[in-house]
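[1] coords below, sequence missing:
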């Protein structure tokens, strides 16, 4: 142990720094009116850099990263503690979006709660409650009998994700809903180097940061946090100390699902509600969990942001120069592969 | 002989398909240090795990303080007042020494109440309080594992191979600590190191091939070279 960070942690931070600087440089050089086959030299590149495009790309990346975090944090903590990879996490995200949409657009609720901001808050709270409740049911009812059979659990969570998808089709049909009502928070936008960015998206980024810190405090400062961190290492020993680990499993699973529905709910005003949401963030979130190092919360949080920024940078580049949107969805996996080649256990993983 | 704190009556334990314990019976008198002896793989560790409910026995009875433990989850068994120090220590490597102790609290204030006693037994832990458990040496980890079992007021301590992999000088310190803590709790110990076991324990139970075969006073066993040769190999 030397300095503030152990050697292990320092190399993690260096790796993160290298990735981030690489992404930012790439983004800086590719946003704006860049002539890729030009021979004008770096000076000419720099003169064409568009600060507006660059900062909007970064903000979009952060936004995407926060939404990924809301899916990935549950995946990561649940996997660390219970060895269950919850593939239904994406389905919970989708459910959250539909609930927030429904609360905001149902005429009866509009009549009862005319204030759009308040109605939105209601929708988010309802989404959290439903997500938590569905999570608890899934853990208690379906996963608990199968703790001795990890493969079955994987299949069950996959099955539940299909179930959620079909339930949404049954209730809302297959056509996507786009958010049509306006509410205070969702209205404003601000200028950044000549580009528009909505205040609401900035708000979501802020909420994401607040949640990253809140969950970190929960894990570091509270008794249940200590129990969770200990359980990630050896849940049998935690139980032998007189702690009901299964109750902790249920609580953590509930929290993970609630975070995912919260993610869907706050994303609904700009993403709308659609069946595609159930997979839209799942792949990126799985990539973030592995990239961060399995079972590492801080790794997951940082990796989510890295994956988000990567996707935004590649999306921007892809739209402008490749005319090929597929790179955006592939980019988390490419980043993951590159990092795992150099650090097989991920950014913060242990052997 | 004082009344037993713990009684194990003819337990049979399976792990998967394997019949590991095939009839273990033992009795641990209150205030004693009782040691489980036997060769590697005889079933000593499984006996402790069966008592804790980690590998619950399919047949037979475990009675702690007059209460039958059958069907109880491991955490409920611990709550009755049993502290478990498993083999290889199983301390939480990413938690600090302080957190490793805090987590063992069953009631708020347990640690505050026992801190002085724990630091008196293991003064090193005080210096290491903020360090991650994974950064401790083997001996320090063993002390932490025992200290963790002392945080709540456990009446029975199950300690699995405390001397494993430790230097003689550290074993000596551990023995003193176990002797001290046996003044307030009953101890059931698994120990391969016969020299340590014979100096520490009042009573012994020999387990061979998954069954308890002999028990009695340690003082008698020390002079019984035939039994030692037969069940434990060289003494």
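    That came through fine. Nothing here was measured: the structure is a model prediction, and the numbers come from that model.

[2] Neighbours of the residue of chain B found nearest chain A, how many?
    Residue of chain B nearest chain A, by CB to the nearest CB: residue B:78 (3.6 Å). Placement of C-beta: from N, CA and C, glycine included. Using other CB atoms under 10 Å in any protein chain shown, residue B:78 is surrounded by 24 other residues.

[3] give me the element it is part of.
    helix B:74-79 (DSSP states H and E).

[4] Give me the next element, helix or strand, following that helix.
    Later in the chain than helix B:74-79, the nearest helix or strand by DSSP H and E is strand B:82-85.

[5] residue contacts, the nearest residue to residue A:51 once chain neighbours are set aside?
    Leaving aside its chain neighbours, residue A:51 sits nearest to residue A:193 (4.1 Å; criterion: CB to CB, 6 or more residues apart in numbering or on different chains). When contacts are counted by CB atoms under 8 Å, 6 or more residues apart in numbering or on different chains, residue A:193 touches A:50-52, A:54-55.

[6] Just name the closest of those to chain B, please.
    residue A:55 (37.4 Å).

[7] What segments of the stretch 101-250 of chain A are strands?
    Remark: strands assigned in the stretch 101-250 of chain A by DSSP state E, counting those that start in this stretch are A:189-192, A:195-198.

[8] Packed most tightly, which of these would that be?
    Highest mean neighbour count of the strands of the stretch 101-250 of chain A: strand A:195-198, a mean of 16 (counted as mean count of other CB atoms under 10 Å in any protein chain shown).

[9] Are there helices or strands packed against that strand, and which ones?
    helix A:51-82, strand A:189-192 (3 or more CB pairs under 8 Å, 6 or more residues apart in numbering or on different chains; DSSP states H and E).

[10] Mind listing what's buried along the first one?
    Across helix A:51-82, burial judged by 16 or more other CB atoms under 10 Å in any protein chain shown covers A:52-82.

[11] For residue 56, which non-adjacent residue is closest in space?
    Answering for chain A, as no chain was given. Residue A:56 sits nearest to residue A:195 (CB to CB, 6+ apart), 4.7 Å away.

[12] think we crossed wires, I meant chain B
    Per CB to CB, 6+ apart, closest to residue B:56 is residue B:50, 6.6 Å.

[13] Run a quick neighbour tally on the one you found.
    Quick note: residue B:50 (other CB under 10 Å) scores 24 neighbours.

[14] show me the contacts for it.
    So residue B:50 contacts B:8, B:11, B:13, B:21, B:24, B:56-57, B:62 (CB under 8 Å, 6+ apart).

[15] Let's see which of those residues end up in strands.
    B:8, B:11, B:13, B:21, B:24, B:62 (DSSP state E).

[16] Just put those residues in TSV and tack on pLDDT.
    What follows is the ones in strands among the contacts of residue B:50, written out as TSV (pLDDT from 0 to 100):
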residue	pLDDT
B:8	93
B:11	93
B:13	93
B:21	91
B:24	93
B:62	94
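
[17] Point out the residues in chain A that sit beside chain B.
    Contact residues, chain A versus chain B (CB under 8 Å from any CB of the partner chain): A:1, A:223, A:226-227, A:229-230, A:232-234, A:236-245.

[18] at 7 Å what do you get?
    A:1, A:226-227, A:229-230, A:233-234, A:236-237, A:239-245 (CB under 7 Å from any CB of the partner chain).

[19] Look at whatever residue of the stretch 51-200 of chain A ends up closest to chain B and report its pLDDT.
    As assessed by CB to the nearest CB, chain B sits closest to residue A:148 within the stretch 51-200 of chain A, at 10.1 Å. If you check residue A:148, the pLDDT there is 77.

[20] Residue A:120 now?
    So residue A:120 comes in at 92 (pLDDT).

[21] isn't it right up against residue A:104?
    Yes. Between residue A:120 and residue A:104 there is a contact under CB atoms under 7 Å: 6.0 Å.

[22] Now do residue A:266 against residue A:303, distance only.
    20 Å (CB to CB, to the nearest Å).

[23] higher neighbour count, the two?
    residue A:303 (34 against 27).

[24] Which of the helices or strands spans the more buried one?
    helix A:297-317.

[25] For stretch A:162-175, buried residues please.
    A:164-165, A:168, A:172.

[26] Turn those residues into TSV, including pLDDT.
    What follows is those, written out as TSV (pLDDT from 0 to 100):
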residue	pLDDT
A:164	94
A:165	94
A:168	94
A:172	92
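
[27] Can you report how many residues lie near residue 107?
    Reading this off chain A. Residue A:107, neighbours per other CB under 10 Å, totals 7.

[28] Actually, chain B is the one I wanted.
    What residue B:107 shows, counting by other CB under 10 Å, is a neighbour count of 9.

[29] which residue packs closest to it, ignoring adjacent ones?
    residue B:152 (7.4 Å).

[30] ok, now which ones touch the closest residue to chain B within chain A?
    Nearest residue of chain A to chain B, counting by CB to the nearest CB: residue A:242, 3.6 Å away. Taking CB atoms under 7 Å, 6 or more residues apart in numbering or on different chains as the criterion, residue A:242 is in contact with B:75, B:78-79, B:106.

[31] Which of those ranks first by neighbour count?
    residue B:78 leads the contacts of residue A:242 on contacts (other CB under 10 Å) with 24 neighbours.

[32] unless I'm mixing things up, it is touching residue A:237, no?
    No. With contact defined as CB under 7 Å, residue B:78 does not reach residue A:237; the gap is 10.5 Å.

[33] So which bits of the helix or strand that contains residue B:142 are buried?
    Per DSSP H and E, residue B:142 falls inside helix B:138-150. Within helix B:138-150, the residues that count as buried by 16+ other CB under 10 Å are B:139-150.

[34] Please apply the same query to stretch B:121-128.
    B:121-122, B:125, B:128.

[35] Please list the outside residues in contact with stretch A:112-129.
    A:96, A:99-100, A:103-104, A:109, A:181-185, A:258, A:261-262, A:264-266.

[36] Mind checking which of the residues you listed land in helices?
    A:96, A:99-100, A:103-104, A:109, A:184-185, A:258, A:261-262, A:264-266 (DSSP state H).

[37] Spatially nearest residue to the spatially most central residue of chain A, not counting backbone neighbours?
    Centroid-nearest residue in chain A: residue A:68, 1.5 Å away (criterion: CA atoms, centre = their mean). Ranked by CB to CB, 6+ apart and with sequence neighbours excluded, the top spatial neighbour of residue A:68 is residue A:304, at 4.3 Å.

[38] what pLDDT does the residue nearest to residue B:107 get?
    Per the predicted model, pLDDT is 92 at residue B:152.

[39] show me the contacts for it.
    Contacts of residue B:152 by CB under 7 Å, 6+ apart are B:104-106, B:110.

[40] Please flag which of the residues you listed sit within helices.
    residue B:110.

[41] Tabulate the contacts of residue B:152 (JSON lines), appending pLDDT and distance to residue B:94.
    Conversion of the contacts of residue B:152 to JSON lines gives the following (pLDDT from 0 to 100; distance: CB to CB, whole Å):
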{"residue": "B:104", "pLDDT": "93", "distance to residue B:94": "16"}
{"residue": "B:105", "pLDDT": "92", "distance to residue B:94": "19"}
{"residue": "B:106", "pLDDT": "90", "distance to residue B:94": "22"}
{"residue": "B:110", "pLDDT": "88", "distance to residue B:94": "22"}
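
[42] among the contacts of residue B:152, who's most crowded?
    residue B:104 (25 neighbours).

[43] before we move on, the earlier item: most widely separated two among the contacts of residue A:242?
    Spatial extent of these (CB to CB) is set by the pair B:75 and B:106 at 10.0 Å.

[44] so where's the stretch 251-351 of chain A shaky on pLDDT?
    A:320, A:324, A:350-351 (pLDDT under 70).

[45] what about the nearest residue to residue A:179 once chain neighbours are set aside, which helix or strand?
    Once flanking residues are discounted, residue A:179 sits nearest to residue A:269: 4.9 Å by CB to CB, 6+ apart. Take DSSP H and E as the rule and residue A:269 turns out to sit in helix A:245-271.
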